[in-house]
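S.K.: Sequence plus the predicted model coming up.
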Amino acid sequence: MKMVTAIIKPFKVDEVRDALTAIGVHGMTATEVKGYGRQKGHTEIYRGTEYAVSFLPKVKIEIAVPTAQVDKVIETVIAAAKTGQIGDGKIFIFGIDQAIRIRTGESDDAAL
Amino acid sequence: MTFRNPYRAGLAALALAMLAATSAFADEPVVNKGDNAWMLTSSVLVLLMTIPGLALFYGGLVRTKNMLSVLAHVFYTVCIVTVVWMIYGYSLTFTGGSPFIGGFSKLFLAGVTPDSKAATFSAGVNISELVYMCFQLTFAAITPALIVGAFAERMRFAAVALFIPLWVTFIYFPIAHMVWYWAGPDAIVEAAKVVAAATDEAAKTAAQAKLDEVMADAGQIFLWGAIDFAGGTVVHINAGIAALVGALIVGKRIGFGKELMPPHSLTQTMIGASLLWVGWFGFNAGSNLEATGVAALAMANSFVATAGAALSWMFAEWIVKGKPSLLGAVSGAVAGLVAVTPASGFAGPMGALVLGLIAGVVCLIFVSAVKNALGYDDSLDVFGVHCIGGIIGALGTGILVSPALGGTGIFDYVAGKVADYDFTTQMIAQGKAVLTTLVWSGVGSAILYKVVDLIVGLRATPEAEREGLDLADHGERAYNF
């Protein structure tokens, strides 16, 4: 089992969700986050005073999937979230030691 | 709010009085229901400026953790000044005494009843004294409320609670008395009639002495001949300089210049600024005290100067900083309202437009370039908008009142006509009014801040400031999402 963590542009969340649903991914967790990478930040001006805003709003989605499905999920996220502009985000993959569904006690692949 | 308005009864009344030769005691001034209705309305419009107008305008500009504290400062100010005003403030401001402060003859509103009357700017026309008292109350309330923007996000509530009543007592009441207190047109016209009717030399001398006495029964700045229709000096310069002194004495916010302190809700700032604009019609047009054409002139001026200043600030920012900002537009609107305040019943609409266009750009320079160069932390730019806008307005009024520039001129109640305009004389009077206010309020406020600091301490603790004054001072939050 793998945890696919993707940091994407906020307005791409719905497209990514729809695309993942289409390939049979049935759940994910989304969090509004702030961060910066190569895109850096932007400048805001209030009454002539400039503020450098280095943290930009992004959405972090976390998807737990069976190992066999990982490559397909990555491909799908890239296809849906890509605009080609700087700031499209990143994907990180981690291993999962265990997964348990709280309601039934099912574990591992059956719990995903 | 100084002498204005056509002397309606005109020379005819003067002639009649002379014929009758029954001297001083002509018709009792009457209270017009229309004027009274307008002043009742104006009074609540000015209250609307402060709550919620100013409270939201300021509140939107601070960070989320201090929103509630700003709302509390403004709301508290309205309440404490209302009580103080009725107990002794009205008496100290609007009774005779000395040219610098009134007396205690109307302490606890003694003698102010539904039947008592207050003068307007027309002889023979009065309004109910109670509505005049309430109208003036709303001015006394908004002025100190303006100051709290300068030390927002770091001054303890206990310090604000003590500072506000002290400030109105020692700064606002004397300045308002000096600028606005006078015997009124009825007293002057009556005394002038007696002079005109006097037949022999002795009677003439006595009558002239009486007229001089009536003319001298006024505040010092009024006696200099300075004009301030709705409170450019009394309200805006007065509050603006007290704000700068406060920002300097209380000191910078923790992290000022290093941490981001952007406004938390420009939506609320825009709502607040718009309510200020709406309420300002009560402030400016209401300051005419009568529902006449001059009230309408003040209204027209308050429209056009405000719009002009909003545009000039916005376009100047667009040119210099690359983007036209909403905050710039609404700040410009407030600067325009401030600048047109003293001029609203004196300037013509095109004069008011020019005044607004200038105020928008000059105030922008002050809140950005000058403030950053000097490094003081006037959190919400009370000095840059109100004091600077007020000075532009006070001096501009001296120029724009000129009939040659479309202004109304200044009415001379003794002569019964508009007085000749003299640029130098008028500008000297305006300059003296501005300097007196700057010095009185600047020095006086500095002393009061120090007194408050000794008694309760001005500054919140660093922990309280970091946590936010909402929780530290009030134990509640503006927002519970």
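M.R.: Received the coordinates, thanks. Numbers count the residues shown, from 1 in each chain, chains lettered A, B, ... in the order given.
S.K.: Any stretches of the stretch 101-250 of chain B with poor pLDDT?
M.R.: Counting by pLDDT under 70, the stretch 101-250 of chain B contains no low-confidence residues.
S.K.: the bottom helix or strand of chain A by mean pLDDT?
M.R.: Within chain A, confidence by mean pLDDT, DSSP states H and E is lowest for strand A:49-53 among all helices and strands, at a mean of 82.
S.K.: Measure how buried the residue nearest to A:Asp18 when sequence neighbours are not counted is and give me the count.
M.R.: Excluding its sequence neighbours, the residue lying closest to A:Asp18 (CB to CB, 6 or more residues apart in numbering or on different chains) is A:Ala80, at 7.6 Å. Quick note: C-beta positions are derived from backbone N, CA and C, even for glycine. Using other CB atoms under 10 Å in any protein chain shown, A:Ala80 has 19 other residues around it.
S.K.: Kindly report the same for A:Ala30.
M.R.: Close neighbours of A:Ala30, defined as other CB under 10 Å, add up to 16.
S.K.: got it, and the one 3 residues further on?
M.R.: Here the number of neighbours of A:Val33 (other CB under 10 Å) works out to 13.
S.K.: Sheet-wise, list the partners of the one helix or strand it maps to with their directions.
M.R.: A:Val33 belongs to strand A:29-35 when elements are defined using DSSP states H and E. According to DSSP bridges, strand A:29-35 forms sheet pairs with strand A:56-65 (antiparallel).
S.K.: Next, find the distance separating B:Phe283 from chain A.
M.R.: Applying CB to the nearest CB, to the nearest Å, the value for B:Phe283 to chain A is 23 Å.
S.K.: can you pull the contacts of the closest residue to A:Ile100 other than its chain neighbours?
M.R.: Leaving aside its chain neighbours, A:Ile100 sits nearest to A:Ser107 (5.1 Å; criterion: CB to CB, 6+ apart). Contacts for A:Ser107 (CB atoms under 8 Å, 6 or more residues apart in numbering or on different chains) come out as A:98-101.
S.K.: Which one (most neighbours) among those?
M.R.: For these, the largest neighbour count, defined by other CB under 10 Å, is 16 neighbours, found at A:Ala99.
S.K.: isn't it right up against A:Pro66?
M.R.: No. Here A:Ala99 does not reach A:Pro66: they are 9.8 Å apart, not a contact under CB atoms under 8 Å.
S.K.: can you list the residues of the stretch 1-150 of chain B near chain A?
M.R.: Proximity of the stretch 1-150 of chain B to chain A, by CB under 8 Å from any CB of the partner chain, involves no residues.
S.K.: By proximity to chain A, which residue of the stretch 1-150 of chain B wins?
M.R.: With CB to the nearest CB as the measure, B:Leu61 is the residue of the stretch 1-150 of chain B nearest to chain A, at 8.3 Å.
S.K.: what separates B:Gly96 from B:Ala72, distance-wise?
M.R.: With the distance defined as CB to CB, to the nearest Å, B:Gly96 ends up 37 Å from B:Ala72.
S.K.: Show me which of those two is the more surrounded one.
M.R.: Taking neighbours as other CB under 10 Å, B:Gly96 and B:Ala72 compare with B:Ala72 leading, 22 against 16.
S.K.: Looking at the closest residue to that one other than its chain neighbours now. What's its pLDDT?
M.R.: Among residues not flanking B:Ala72 along the chain, B:His474 sits closest, at 6.0 Å (CB to CB, 6+ apart). pLDDT recorded at B:His474 is 97.
S.K.: in chain B, which spans are strands?
M.R.: Along chain B, counting by DSSP state E, strands occupy B:30-31, B:117-119, B:125-128, B:411-412, B:417-418.
S.K.: winner for burial among those?
M.R.: strand B:125-128 (a mean of 23; mean count of other CB atoms under 10 Å in any protein chain shown).
S.K.: Against which helices or strands is it packed?
M.R.: strand B:30-31, helix B:33-48, strand B:117-119 (3 or more CB pairs under 8 Å, 6 or more residues apart in numbering or on different chains; DSSP states H and E).
S.K.: Show me whatever sits in contact with both of A:Ala99 and A:Pro66.
M.R.: A:1, A:109, A:112.
S.K.: Run through the residues that contact the closest residue to chain A within the stretch 251-400 of chain B.
M.R.: Closest to chain A within the stretch 251-400 of chain B is B:Ser368: 2.4 Å, counting by CB to the nearest CB. B:Ser368 is in contact with A:47-49, counting by CB under 8 Å, 6+ apart.
S.K.: before we move on, back to that, CSV for the strands of chain B, including distance to B:Ser312?
M.R.: Output for the strands of chain B, formatted as CSV (distance: least, CB to CB, whole Å):
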stretch, distance to B:Ser312
strand B:30-31, 42
strand B:117-119, 38
strand B:125-128, 36
strand B:411-412, 32
strand B:417-418, 31
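S.K.: Among the ones you listed, which comes closest to A:Glu62?
M.R.: strand B:125-128 (69.7 Å; CB to CB).
S.K.: Need the contact partners of that closest one.
M.R.: Applying CB under 8 Å, 6+ apart, the external contacts of strand B:125-128 come out as B:8, B:29-32, B:35-36, B:39, B:114, B:116-120, B:186, B:289-290.
S.K.: Identify the residues contacting the helix ranked longest in chain A?
M.R.: Longest helix in chain A by number of residues (criterion: DSSP state H): helix A:70-81. Under the contact criterion CB under 8 Å, 6+ apart, helix A:70-81 has outside partners A:2, A:4, A:6, A:8-9, A:12, A:15-16, A:18-20, A:22-23, A:25, A:61, A:63, A:65, A:88-89, A:91, A:93.
S.K.: follow-up on the earlier one: just to check, the residue of the stretch 1-150 of chain B closest to chain A is in contact with B:Pro263?
M.R.: Yes. Between B:Leu61 and B:Pro263 there is a contact at 4.5 Å, judged by CB under 8 Å.
S.K.: Name the residues contacting each of those two.
M.R.: Residues touching both B:Leu61 and B:Pro263 (CB under 8 Å, 6+ apart) are B:Thr269.
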